[in-house]
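Colleague: test case, fold it:
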Amino acid sequence: MNPNQAHEAFSGTYAKIFESGRWLAQFHSVELKVEAKYEDIPQSGKLNPGKKFVGFEITGSMKGSQYGSEFIERLSAAKDPSIPPLVTNMTMVNEDPAARGPYKVEVSGIKFTSWPVFIAEHGSPVEQEFEFVAEDYEIVQGVPDL
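Modeller: Next comes the predicted model:
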C-alpha cells in the first residue's frame, strides 16, 4: 500500500518568497532548479564518450502580478554604471498545512538576468516574470519521504 496520501501532496498555494525577511507577496509562482554540467571524455575502445561531472548551474524564475514598480526599479538601477547590479538572498518556503511539514530553501547570490519593464494587454491583469541565476542553495528544512 502506498504510504503517501493525496491530501499530503504540497500545494503551491502556501508557498512564499522572502527577501531579507520581507514577504514578496506579489509573486505567486517560483521555480528553482539545478542543471548538472558534464564534459565528454573520450574513452579507448568505446564508441560513446564517458561523462565527467564538472559542476552545476542554479537557475530560477519568479512570476507575479504587478502591484507596483519598486522591484523593477531596484533591478533597473544597474543601468547606472556607478551602481552595482542587485545581488540578493531569498528564502523560499512552502507551509502547506496538509503536508507532513514545511519545506524551506535558502538561496544565496541571486543575480537577475531578465526582468520586465512594461507589460500591458487590454482586459488582462499584468503578470511579470523575473529570471535569475544563483550561486548556492541550501535545503534548511526538508520533509522526509515515507
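
Colleague: switch to C-alpha atoms for all contacts and neighbour counts from now on
Modeller: OK.

Colleague: what sits closest to the spatially most central residue of the chain if chain neighbours are left out?
Modeller: Centroid-nearest residue in the chain: L32, 3.1 Å away (criterion: Cα atoms, centre = their mean). Sequence neighbours aside, G60 is the residue nearest to L32 in space, at 4.3 Å (criterion: Cα to Cα, 6 or more residues apart in numbering).

Colleague: cool, and A36?
Modeller: F56 (4.3 Å).

Colleague: and the one you found, its phi and psi?
Modeller: When read as degrees, to the nearest 10, the backbone of F56 gives phi -150, psi 160.

Colleague: surely the residue nearest to the centre of the chain touches T91?
Modeller: No: L32 is beyond contact range of T91, at 11.2 Å (criterion: Cα atoms under 8 Å).

Colleague: and the strands in the chain?
Modeller: If DSSP state E is used as the criterion, the strands of the chain fall at 15-19, 22-23, 27-41, 50-65, 87-94, 103-114, 127-134, 136-141.

Colleague: show me the contacts for the residue located most distally from the centre of the chain.
Modeller: Most distant residue from the mean C-alpha position of the chain: G45, 42.1 Å away (Cα atoms, centre = their mean). Contacts for G45 (Cα atoms under 8 Å, 6 or more residues apart in numbering) come out as none.

Colleague: kindly report the same for A77.
Modeller: Contacts of A77 (Cα under 8 Å, 6+ apart): I83, P85.

Colleague: how far away is it from D40?
Modeller: Counting by Cα to Cα, to the nearest Å, the gap from A77 to D40 is 41 Å.

Colleague: what's near enough to touch the nearest residue to G101 once chain neighbours are set aside?
Modeller: Nearest residue to G101 in three dimensions, chain neighbours excluded: V143, at 6.0 Å (Cα to Cα, 6+ apart). For V143, the contact set (Cα under 8 Å, 6+ apart) comprises R100, G101, P102, Y103.
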